[in-house]
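In: coords please:
(chains A and B)
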Amino acid sequence: MLNINVSKKLASFVFEFKHEINCQGVTAILGVSGSGKSTLINLINGLIKPDIGYINLNQETLVNTEKHVCIAPEKRQIGTVFQDALLFPHYRVIKNLTYGAKSLNSERFDEIVTVLNIGSLLNRYPAMLSGGEKQRVAIGRALLTNPQLLLMDEPLSALDMPRKKELLSYIDKLVSDLNIPIIYVTHNINEVKRIAQHVAVLEQGKLIDYGSTEQILQSNYLKEWL
Amino acid sequence: MILTEFEWQTLLLSLKIAGAAIIFSLPVGILTAWILARCQFIGKSLFDSIVHLPLVLPPVVLGYLLLLTMGRHGFIGEWLDKCFHLSFSFNWQGAALASAVVAFPLMVRSIRLAIESIDCRLENVARTLGAKPFRVFMTITLPLAFPGILMGIVLGFARCLGEFGATITFVSNIQGETRTLPLAMYTLLQIPDGESAALRLCIVSIILSLVALFLSEMLNRWHKKKLTGSK
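Out: Residues are numbered from 1 along each chain as shown, chains lettered A, B, ... in the order given. This next block holds a predicted model:
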C-alpha cells in the first residue's frame, strides 16, 4: 500500500496529493500535460522533496517532513522508467542492465532478459537501439534492482504506434509473469483501458478522482476528454 | 632536427613542470568545475570570480602574490617549509605551482562546460538505480565529461608550457631548475647571436603544441565513437 499525503509548491500551482494507492497490478496516473503527474513520480522516487507531508510504502516511511525523515532515492528500492529511456550512452546494454543490481542473480537476470526479449541486444551501445528496444532495456534495468514498486513515467510517449503496442504487451507480461506492482503515468486513455486496474486522475496538481478503471472511465469529465 | 643537450634539458624540464602542474591541479579543477556546474550556494558568484581571477590578472601580479604567500618567508610557504620541509622557492616545484595557478581557470572552464552539458536526468536515473552520489559522479558524470576534461588538460598543458610572467617573478630564471622553453627563449634573445637558437626552441614549442592537440583530438574521436556505437 502506498500512502501519500504531500504538498509541494511548483512554479504555476501548488501540488497536493492525499490518497492511498493500492499497490497491486497497474495503477494509472491520468492527466493532461502539466497536471503534476511527473511531480508525483519524482516525489515517490525521492528526486523531489515535498514541502510538507509524508509518503509511506508498505508501512515504511519514505519521507515525513514532520519527523524530518527523508530516505535518499538510492535507498528507496523504487524502480523508475522515464519517458526517454535515459540509458547511459557510454555503457553497453549489459552494463546498463546490471548498473543497479547489487548482487546479480543470474536466474533473475535471465528471466527479465527473456520476458523483455533483449537477449540479442546485450553487447550493443544504446545509440545502436531503436526507441522500443531502449525502453525495454530501461525497464529491465529498473527491474534488476529488485524494486518493491515500479514507476513508469509516460514510457510510450516517444514511440510510434507499432512500438507502443509491442511495449504494452511486454508490460502485461511484467505484471503476469513477474508480479511487480506498477504506477503508470500517462495522458492516453487507451493505454489506461488496456493495462490499468486502478486510475488516479490529476488536474492542476490536485487529485480529482480515484477508483477502478471501469468506474473512472464512466465519469462524465472523461467522456468529454474522449 | 636534432636537439642539443641544452634544448633537451629545457624541453624535458618544461614537460616535467607542465605535467606536474596538470597532474596536481586536475583533481581540484574537476571538483571546482563540478561545484560550479551542479551546486547552488550563497557566494557562488564570488567563488566563481576568484576561480577565474588568474585569467584576467597580469601574470606578474600572480607571481608576486605567490612570492608573498608561498615564498620562503610567505605565510603559507614558511609554514609548509617548517612542517613538511616543502619549499616552492626558486625550484621546479615553484615553477609548477605558478603554472598550475595560471592554467587553473582555463581547465575549470572547459570541464565545467562539459559537466553542464550532461543531461542531469542521467544522474537522477543512476540514483534511482541505487547509486550513491559519489558513484554517480565516478560512473556517469566523469566519463561523460571526458571530452571536456581532455580539452581542459590540453588547454591547461599548453598554457603551462607558455607560462612566463608568473614563473620568472616567483621562481626566477635558473638554468636546469626553472628555465622553461619561454624563459630559455627570452634568455637567448637577450644575448648577441642568440636568435637562431631561440628560433629552434620556437619550432620545438610549435611541434609540442601540435602533438598535444593531435593526441587530444584522437582521444576525443575515440570517445565519440564509443558514445555513438560506430566502429
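In: In this structure B:Gly162 contacts B:Pro182, no?
Out: Yes. Using Cβ atoms under 8 Å, B:Gly162 is in contact with B:Pro182, at 6.0 Å. Using the backbone N, CA and C atoms, a C-beta is placed for each residue, glycine as well.
In: between these two, who's got more neighbours?
Out: B:Pro182 (20 against 17; other Cβ atoms under 10 Å in any protein chain shown).
In: Can I get the host helix or strand of that one as PDB, trimmed to CA atoms?
Out: Assigned by DSSP states H and E, B:Pro182 belongs to helix B:181-190. Only the C-alpha atoms of helix B:181-190 are listed here, as PDB (Å, rounded to 0.1, in the frame of the first residue of the first chain):
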ATOM      1  CA  LEU B 181      61.000  27.000 -23.000                       C
ATOM      2  CA  PRO B 182      59.700  30.600 -22.900                       C
ATOM      3  CA  LEU B 183      62.300  31.600 -20.300                       C
ATOM      4  CA  ALA B 184      65.100  30.000 -22.300                       C
ATOM      5  CA  MET B 185      63.900  31.800 -25.500                       C
ATOM      6  CA  TYR B 186      63.800  35.100 -23.600                       C
ATOM      7  CA  THR B 187      67.300  34.500 -22.200                       C
ATOM      8  CA  LEU B 188      68.600  33.600 -25.700                       C
ATOM      9  CA  LEU B 189      67.100  36.800 -27.200                       C
ATOM     10  CA  GLN B 190      69.000  38.900 -24.600                       C
END
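In: could you say what helices and strands the helix or strand following that helix packs with?
Out: Counting by DSSP H and E, the element after helix B:181-190 in chain order, helix or strand, is helix B:195-228. On a contact count with 3 or more Cβ pairs under 8 Å, 6 or more residues apart in numbering or on different chains; DSSP states H and E, helix B:195-228 meets helix B:5-38, helix B:146-161, helix B:181-190.
In: Looking at the ones you listed, spot the one closest to chain A.
Out: When the helices and strands packed on helix B:195-228 are ranked by distance to chain A, counting by Cβ to the nearest Cβ, first place goes to helix B:146-161 at 8.3 Å.
In: now that closest one: how far from the chain's centre is it?
Out: Computed by Cα atoms, centre = their mean, to the nearest Å, the chain-centroid distance of helix B:146-161 equals 7 Å.
In: what's the angle between it and helix B:195-228?
Out: If you take axes from the mean of the first three to the mean of the last three Cα atoms, to 10 degrees, helix B:146-161 sits at 170 degrees to helix B:195-228.
In: neighbours around whatever residue of chain B ends up closest to chain A, how many?
Out: Proximity of chain B to chain A (Cβ to the nearest Cβ) peaks at B:Leu129, 3.0 Å away. Close neighbours of B:Leu129, defined as other Cβ under 10 Å, add up to 24.
In: Once you drop chain neighbours, what's closest to it?
Out: Leaving aside its sequence neighbours, B:Leu129 sits nearest to A:Gly100 (Cβ to Cβ, 6 or more residues apart in numbering or on different chains; 3.0 Å).
In: The one you found and A:Pro147: what is the separation?
Out: A:Gly100 sits 9 Å away from A:Pro147, going by Cβ to Cβ, to the nearest Å.
In: Ok, A:Leu174 next?
Out: For A:Leu174 relative to A:Pro147 (Cβ to Cβ), the value is 11 Å.
In: Which neighbours do those two have in common?
Out: The contact sets of A:Leu174 and A:Pro147 overlap at A:Ile180 (Cβ atoms under 8 Å, 6 or more residues apart in numbering or on different chains).
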